[in-house]
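Novice: structure, please.
(2 chains)
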Protein chains: 2
Amino acid sequence: LHDLLLDELKDLYSAENQLTKALPKMAKAAASEELRTAFEDHLKETENQVNRLDRIFKELEASGKGKKCQAMAGLIEEGKEIIDEDAEDSVRDAALIAAAQKVEHYEIAGYGSARAHAELLGLDEAVKLLQETLDEEIGADTKLNGIAKEINVEAESPA
Amino acid sequence: LHDLLLDELKDLYSAENQLTKALPKMAKAAASEELRTAFEDHLKETENQVNRLDRIFKELEASGKGKKCQAMAGLIEEGKEIIDEDAEDSVRDAALIAAAQKVEHYEIAGYGSARAHAELLGLDEAVKLLQETLDEEIGADTKLNGIAKEINVEAESPA
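Specialist: Reported below is the predicted structural model:
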């Protein structure tokens, strides 16, 4: 179980690091200022989430390196396709939100499992840090739901 | 927005079709009978979800083909790595559940966005069908949470 947890943490570490590179591009592509700000805010959260993982690896005397999260690579590839596509601003924003929510849900599932496994291993500090990140990811998803409602109304009838 | 919805539906169609091929392998790799049955049950649900998407494409006079969901390909690749890894039965089961929950969350996010966009376009029949699938995906995730609790206790102290 300890090895499984380490694998899961490495996967999340790779996912977050890939995301820190993708979020600035998504922010740049967003037409809505609210959405751009949400992506920029989430970039800061993501950098902090990488730091939390660094602390956990230190506690476990392990390295976060050596694994590439293929799923996040696929999710980011989808995001790139959206950025490159020729679409109305509000429609592209709606698509960017949908892509970002897939990313959030990937992380919610990943941190949920990792936290459950850390709990079973009695790693209290890791559980606390993973829970903090999990709460942030759920918060980011909820925030995107709110922005989606406004963007989608625009996308329905672009000016 | 109509084009975006079609893109989202094609992505889900590809995702579900990839999943119908992966679930039998996950079921075969599961040591716990409860987990194996859960995967087999979800395979039947998934086949029905493909049928729902077929009905929606028919209603929209469109084809579901022509797009490969890269994210699901990545998620399934991760599942394969777990199946091939040399691990204790209960640990492998815990990892299979974690992988399956990532798949479920991907679909929850995807169907959530597609349903919201279909709603804006006034596609009542599509909304109804997408909601049915969304409810099933949330149900599958909840069921896996329950199985995870039992499996994880075993994984903590393998016999």
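
Novice: quick one: buried residues of stretch A:104-117?
Specialist: Along stretch A:104-117, these residues count as buried under the neighbour rule (16 or more other C-beta atoms under 10 Å in any protein chain shown): A:104-117. In this view, the C-beta of every residue, glycine as well, is placed from N, C-alpha and C.

Novice: so is the host helix or strand of A:Ala15 next to chain B?
Specialist: Assessed by DSSP states H and E, A:Ala15 sits inside helix A:2-29. Yes. Legend: contact between helix A:2-29 and chain B by C-beta under 8 Å from any C-beta of the partner chain is shown at A:3-4, A:7-8, A:11.

Novice: Throw those into a markdown table and include neighbour count and pLDDT, thanks.
Specialist: Output for these, formatted as a markdown table (neighbours: other C-beta atoms under 10 Å in any protein chain shown; pLDDT from 0 to 100):
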| residue | neighbour count | pLDDT |
| --- | --- | --- |
| A:Asp3 | 12 | 91 |
| A:Leu4 | 23 | 92 |
| A:Asp7 | 21 | 92 |
| A:Glu8 | 24 | 94 |
| A:Asp11 | 24 | 95 |
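
Novice: closest to chain B out of the residues you listed?
Specialist: A:Leu4 (5.3 Å; C-beta to the nearest C-beta).

Novice: which residues does the closest one contact?
Specialist: A:117, B:87, B:91, B:94-95, B:98, B:155 (C-beta atoms under 8 Å, 6 or more residues apart in numbering or on different chains).

Novice: same thing with A:Tyr13?
Specialist: A:50, A:53, A:57, A:64-65, A:67.

Novice: mind checking which helix or strand A:Ala62 is in?
Specialist: Applying DSSP H and E, one finds A:Ala62 in no helix or strand.

Novice: I figured it hits A:Asp3, correct?
Specialist: No. Contact between A:Ala62 and A:Asp3 fails when scored by C-beta atoms under 8 Å: they sit 10.2 Å apart.

Novice: related to what we said a few turns ago, redo the contacts of A:Leu4 as a markdown table? Include pLDDT, distance to B:Leu75 and secondary structure.
Specialist: A markdown table is the format used below for the contacts of A:Leu4 (pLDDT from 0 to 100; distance: C-beta to C-beta, whole Å; DSSP: H, G, I helix; E, B strand; the rest coil):
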| residue | pLDDT | distance to B:Leu75 | secondary structure |
| --- | --- | --- | --- |
| A:His117 | 93 | 19 | helix |
| B:Ala87 | 89 | 19 | coil |
| B:Val91 | 92 | 19 | helix |
| B:Ala94 | 94 | 17 | helix |
| B:Ala95 | 94 | 13 | helix |
| B:Ala98 | 94 | 11 | helix |
| B:Ala155 | 73 | 21 | helix |
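
Novice: quick check: residues of chain A near chain B?
Specialist: Residues of chain A lying near chain B (C-beta under 8 Å from any C-beta): A:1, A:3-4, A:7-8, A:11, A:69-75, A:77-78, A:87, A:91, A:94-95, A:97-98, A:101-102, A:104-106, A:108-110, A:112-113, A:116-117, A:120-121, A:148, A:152-153, A:155-156.

Novice: let's see it at 6 Å
Specialist: A:1, A:4, A:70-71, A:73-75, A:77-78, A:91, A:95, A:98, A:101-102, A:105-106, A:108-109, A:113, A:120, A:152, A:155-156 (C-beta under 6 Å from any C-beta of the partner chain).

Novice: which among the residues you listed end up buried?
Specialist: Neighbour-count burial (16+ other C-beta under 10 Å) applied to the residues of chain A next to chain B gives A:1, A:4, A:70-71, A:73-75, A:78, A:91, A:95, A:98, A:101-102, A:105-106, A:108-109, A:113, A:120, A:152, A:155-156.

Novice: just the ones in helices from the residues you listed, please.
Specialist: A:4, A:70-71, A:73-75, A:78, A:91, A:95, A:98, A:101-102, A:105-106, A:108-109, A:113, A:120, A:152, A:155-156 (DSSP state H).

Novice: pass me the low-pLDDT residue ranges in chain A, would you?
Specialist: Low-confidence segments of chain A, defined by pLDDT under 70: A:156-159.

Novice: at 90 instead, please
Specialist: For chain A, the stretches flagged by pLDDT under 90 are A:1, A:66, A:70-71, A:74, A:78, A:85-87, A:149-159.
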